[in-house]
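> Okay, predicted coordinates and the sequence, questions at the end:
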Amino acid sequence: MSRIGKMPIKLPAELQVTIDKNVVTFEGKKGKLSHPLPDFLKVHKRDNTLVVENVSESREAKAMHGLHRSLLYNALVGVQEGFQKKLEINGIGFKASVEGRKLVMQLGFSHPVVYEIPEGVTVKVQDNTKLTVEGIDKCLVGAVAADIRGFYPPEPYKGKGIRYAGEQIRRKAGKTAQK
């Protein structure tokens with residue numbers, strides 16, 4: 001049995017949880033999220049806790065038990081507090097701006113890079129070089145942040161590019177001239 005999977009999830013009083021067959025829906029002050037569960041897992045609501053129970057002893061069921069418990073907990077935290085990822089843009093002339101549901105970035109290419117922001121996520125820009133990706137779905141927030149970083153990942157020689165806030169870039173020495 002999974003150590004994480006057998007831990008109960010404590011439910012706050014202001015959160016509404018509905019269990020319909022194998023779909024668990026959380027509704028909080030930030031919004032509403034649903035998470036489907038496979039047939040070999042069952043969820044029970046007892047008092048103010050949520051318990052994920054493994055009804056199959058298959059290898060796949062044991063592997064997925066802790067995963068789905070963690071995904072349910074992430075949904076709970078998302079509808080209560082939300083998630084955010086911060087990104088920094090480094091480089092001369094590199095900047096970003098939000099125009100409607102599009103993120104427009106100048107990254108040293110001959111053209112601006114335009115990224116369509118998906119529903120359920122908001123992107124804020126401070127000082128043209130600091131981005132904040134916010135939303136209630138942790139997976140979606142992380143995927144959007146990774147997509148944005150993927151347009152120009154930090155390079156090791158000058159450190160130019162888009163990086164996560166606090167990310168350490170391993171720097172390399174450039175070529176040295178021969179005598």
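Now that the structure is in, tell me what you want to look at.
> any idea which strand is longest in this structure?
strand 83-90 (DSSP state E).
> Might you calculate how far it sits from the centre of the chain?
The chain centroid and the centroid of strand 83-90 are separated by 12 Å under Cα atoms, centre = their mean, to the nearest Å.
> Given whichever helix or strand comes after that strand, what are its sheet partners and their directions?
Helices and strands here follow DSSP states H and E; after strand 83-90, the next one along the chain is strand 95-99. Sheet pairing for strand 95-99, assigned by DSSP bridges, gives strand 102-106 (antiparallel).
> Now the partner strand: buried residues?
L103, M105, Q106 (16 or more other Cβ atoms under 10 Å). In short, each C-beta sits where N, CA and C put it, glycine included.
> Isn't P154 up against E167?
Yes: applying Cβ atoms under 8 Å, one finds P154 in contact with E167, separated by 7.4 Å.
> Look at these two and report which has more neighbours.
P154 (21 against 12; other Cβ atoms under 10 Å).
> give me phi/psi at the more buried one?
phi -60, psi 130 (degrees, to the nearest 10).
> Endpoint to endpoint, stretch 2-15 covers what distance?
One end of stretch 2-15 to the other measures 26 Å (Cα to Cα, to the nearest Å).
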